[in-house]
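> give the three-dimensional model of this entry:
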Amino acid sequence: MTRSFITPTPREAVGALPSYAAGKPPVPAEGLTPYKLSSNESALGPVPAAAEAAAGVMTMHRYPNPGAEELRTALAAHLDVPFEDIVTGTGSLGALSQIIAAFAGTDSRGTADEVIFAWRSFEAYPIVVRTAGAKDIMVPVTEDGRHDLAGMVASVTERTKVILLCTPNNPTGPALTHTEVEQFIGRIPDHVVVVIDEAYHEFVRSDDPVDSLALYRRYPNVAVLRTFSKAHGLAALRVGYSIAQQSITEHLRKTAVPFGVSTVGEVAAIASLQHHDQVDERVGAIVEERQRVVAALSEAGWQIPQAQGNFVWLALGENAQDFAHAAGVEALAVRAFSGEGVRVTISEPEANDRFLQLCRTYSGSR
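As a prediction, this is how the structure comes out:
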């Protein structure tokens, strides 16, 4: 007798989740060096000391420090914040997941909490929010790719539990200013957690950059997210952290994955902090390349949002996939968002030059 099987089905919320689309690797083309410009990775890699520290780990058979205590101690000294105010996670996304899991979900009556964020922004936001059982409230960015802060304030309801501010905004590029963020926080109820997601903050060159540490010290409902994946060039090791007052962090430790940061990641991150001057040099080189690329795009007739991360945004709309295909022919992998635009990571000068040449000759509408 043949047995019929009923396929297991996930929770309704999980079944409806969008899939995270990671940046794809480049497809080789004859005579061309392939470049991956699709994941906002650092082409310069980590500082030598960080790579050496990672390579020197001989305790793969042992669990890492449960709460990455050595890294938190180093971060506390580097940032001049209390040790207890830092919670590590697997990248800033892991740290964000802890915040959402702790503060937003579904209550005992089955009513979903609400999490507000700009859109388009980091594509993992709706995945994390919906997985927790909460409802995402997406507030469209402005034409120039900036957060509509007034619109976000207007979206606050009695169900709002968390607000996410991505600065610089990924993938569009603009950064918020300190003045507008502080004014924004002043209009948000005290019980709502305001998360300042600063995965790319090292790349910001602004007259009024957000001083997120000053804001977290002043406002008990502010949490800051940072990562070693971008400026520090440690993307493969997945090391991130949040900074918040203990009224928040005491709950984050409950939702943190045990042993989330590996020993390899911890020692590499500490070594990178100890050589932060070299990290700054790498960041400076990337910013200089970004400025060169932006100037060349402007000269070629492209209008792009203010670029404050390690990437630029081309608002190509329906031509996004077509441009990505054209880049692929040139052995360049870029990140296309169908119907919206293309994000391109600032990389090696040769890669940037090839991207610029494509932009000069691209025949599709801009």
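> which residues in the stretch 151-300 of the chain form strands?
160-166, 193-197, 222-227, 240-244 (DSSP state E, counting those that start in this stretch).
> and the first one, which strands flank it?
Looking at strand 160-166 with DSSP bridges, its paired strands and their directions are strand 114-119 (parallel), strand 193-197 (parallel).
> distance to residue 268, mean neighbour count and mean pLDDT added to the strands of the stretch 151-300 of the chain, as CSV?
C-beta here means a position set from N, CA and C on the backbone, and glycine is covered the same way. Below are these laid out as CSV (distance: least, C-beta to C-beta, whole Å; neighbours: other C-beta atoms under 10 Å; pLDDT from 0 to 100):
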stretch, distance to residue 268, mean neighbour count, mean pLDDT
strand 160-166, 25, 24, 98
strand 193-197, 22, 25, 98
strand 222-227, 13, 27, 98
strand 240-244, 13, 26, 98
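> and those strands: which comes nearest residue 63?
For residue 63, the closest of the strands of the stretch 151-300 of the chain is strand 240-244, at 19.1 Å, according to C-beta to C-beta.
> still on that earlier bit, reformat the strands paired with strand 160-166 as JSON lines; add distance to residue 99.
Converted to JSON lines, the strands paired with strand 160-166 look like this (distance: least, C-beta to C-beta, whole Å):
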{"stretch": "strand 114-119", "distance to residue 99": "10"}
{"stretch": "strand 193-197", "distance to residue 99": "6"}
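> name the nearest residue to residue 173, sequence neighbours excluded.
Excluding its sequence neighbours, the residue lying closest to residue 173 (C-beta to C-beta, 6 or more residues apart in numbering) is residue 307, at 4.3 Å.
> quick check: the one you found touching residue 287?
No: contact between residue 307 and residue 287 fails when scored by C-beta atoms under 8 Å: they sit 9.7 Å apart.
> those two - which one has more neighbours?
Taking other C-beta atoms under 10 Å, residue 307 and residue 287 do not tie; residue 307 has more neighbours (25 against 19).
> now the more buried one: which helix or strand?
Residue 307 is part of no helix or strand, with elements assigned from DSSP states H and E.
> swap in residue 87?
strand 86-89.
> who are the packing partners of that strand?
helix 69-79, helix 91-103, strand 240-244, helix 246-255 (3 or more C-beta pairs under 8 Å, 6 or more residues apart in numbering; DSSP states H and E).
> mind running it again at 6 Å?
Using 3 or more C-beta pairs under 6 Å, 6 or more residues apart in numbering; DSSP states H and E, the elements in contact with strand 86-89 are strand 240-244.
> OK, contacts around residue 269?
Contact analysis of residue 269 by C-beta atoms under 6 Å, 6 or more residues apart in numbering lists 71, 228, 239.
> of the residues you listed, which is the nearest to residue 177?
residue 228 (25.2 Å).
> test my guess that that closest one contacts residue 237.
No: checked against C-beta atoms under 6 Å, the pair residue 228 and residue 237 is beyond contact range at 7.1 Å.
> what about those two, which has more around it?
residue 228 (26 against 22).
> closest to the centroid, which residue in the protein?
residue 199 (4.6 Å; C-alpha atoms, centre = their mean).
> could you measure from that residue over to residue 40?
Note on residue 199: its distance to residue 40, by C-beta to C-beta, to the nearest Å, is 8 Å.
> count of neighbours near the nearest residue to residue 241 once chain neighbours are set aside?
Spatial nearest neighbour of residue 241, excluding adjacent residues (C-beta to C-beta, 6+ apart): residue 88 at 4.7 Å. Neighbourhood size, residue 88 [other C-beta under 10 Å]: 26.
> the one 10 residues further on too?
The number of residues packed around residue 98, counting by other C-beta under 10 Å, is 26.
> so it touches residue 251, yeah?
No: at 8.6 Å, residue 98 and residue 251 do not qualify as touching, with contact defined as C-beta under 6 Å.
> please parse this structure into its domains.
Domain ranges of the chain: 12-46+277-361, 48-275, per automatic domain parsing.
> could you identify which of the ones you listed is most buried?
Neighbour counts (mean count of other C-beta atoms under 10 Å) averaged over each of those peak at domain 48-275, with a mean of 19.
> next one: stretch 245-260 to chain centre, how far?
Centroid separation for stretch 245-260 versus its chain: 20 Å, with C-alpha atoms, centre = their mean, to the nearest Å.
> just the CA atoms of it, as CSV, please.
Extracted C-alpha coordinates of stretch 245-260, given in CSV (Å, rounded to 0.1, in the frame of the first residue of the first chain):
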residue,chain,number,x,y,z
GLN,A,245,21.1,51.8,28.1
GLN,A,246,20.7,48.8,30.4
SER,A,247,16.9,49.2,30.5
ILE,A,248,17.1,47.9,26.9
THR,A,249,20.2,45.6,27.0
GLU,A,250,19.0,43.6,29.9
HIS,A,251,16.3,42.2,27.6
LEU,A,252,18.5,41.8,24.5
ARG,A,253,20.7,39.3,26.4
LYS,A,254,17.7,37.1,26.7
THR,A,255,17.1,37.0,23.0
ALA,A,256,20.7,36.7,21.9
VAL,A,257,21.9,33.5,20.4
PRO,A,258,24.4,31.8,22.8
PHE,A,259,27.9,31.9,21.5
GLY,A,260,26.8,34.1,18.6
